[in-house]
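> sequence unavailable; structure follows:
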């Protein structure tokens with residue numbers, strides 16, 4: 001196994017949901033994540049999922065409402081934060097935003113847990129396909 005292959009097998013891929021599709025505060029949370037180059041999980045989130053497992057260089061795919069809209073690399077492991085209602089933060093080395101891609105396939109690609117988790121680890125091939133579909137904005 002080459003160093004590159006070993007590195008790529010260690011990277012994990014996570015779907016990170018923003019807000020609740022039925023609520024009107026979603027745009028504020030999305031703006032906060034994009035402008036701050038981070039992903040946040042609110043302290044009121046009932047099923048936080050795999051947020052504590054995110055490590056440096058893992059890939060996050062941002063899900064807003066029913067679509068994937070951006071992806072980015074974790075700049076640091078997830079950290080517990082206090083204040084402003086947030087429970088966890090993951091610094092992202094810049095979000096790459098592109099085309100909105102329908103969320104279909106998450107359940108089959110999810111490695112563990114349930115459908116309602118805010119953060120879900122997914123299979124590499126699924127994540128890479130969705131990243132390709134999101135593309136880049138130029």
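Happy to help now that I have it. All values reported here derive from a predicted model rather than from experimental measurement.
> name the SS class of residue 73, please.
Secondary structure for residue 73, judged by DSSP: H, G, I helix; E, B strand; the rest coil, is strand.
> what's the burial count for the residue lying closest to it once chain neighbours are set aside?
For residue 73, ignoring the flanking residues on the chain, the nearest one in space by CB to CB, 6 or more residues apart in numbering is residue 93 at 4.8 Å. All C-beta atoms are positioned from the backbone trio N, CA, C, and that covers glycine. Other residues lying near residue 93 total 13 when counted by other CB atoms under 10 Å.
> residue 93 contacts residue 39, doesn't it?
No: with the criterion set as CB atoms under 8 Å, residue 93 and residue 39 do not qualify as a contacting pair; they are 11.7 Å apart.
> buried residues, stretch 78-90. List them.
Within stretch 78-90, the residues scored as buried using 16 or more other CB atoms under 10 Å are 78, 86, 87, 88, 89, 90.
> pipe these into JSON lines and attach secondary structure and pLDDT per row.
Conversion of the buried residues of stretch 78-90 to JSON lines gives the following (DSSP: H, G, I helix; E, B strand; the rest coil; pLDDT from 0 to 100):
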{"residue": "78", "secondary structure": "coil", "pLDDT": "93"}
{"residue": "86", "secondary structure": "strand", "pLDDT": "83"}
{"residue": "87", "secondary structure": "strand", "pLDDT": "87"}
{"residue": "88", "secondary structure": "strand", "pLDDT": "91"}
{"residue": "89", "secondary structure": "strand", "pLDDT": "93"}
{"residue": "90", "secondary structure": "strand", "pLDDT": "96"}
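> please identify which of those residues is nearest to residue 32.
When these are compared for distance to residue 32 (CB to CB), residue 86 comes out closest, at 9.1 Å.
> contacts only, for that closest one.
40, 41, 42, 43 (CB atoms under 8 Å, 6 or more residues apart in numbering).
> can you flag the buried ones in those?
Among the contacts of residue 86, the ones that count as buried by 16+ other CB under 10 Å are 40, 41, 42.
> what about stretch 116-125, start to end distance?
Counting by CA to CA, to the nearest Å, you get 22 Å between the two ends of stretch 116-125.
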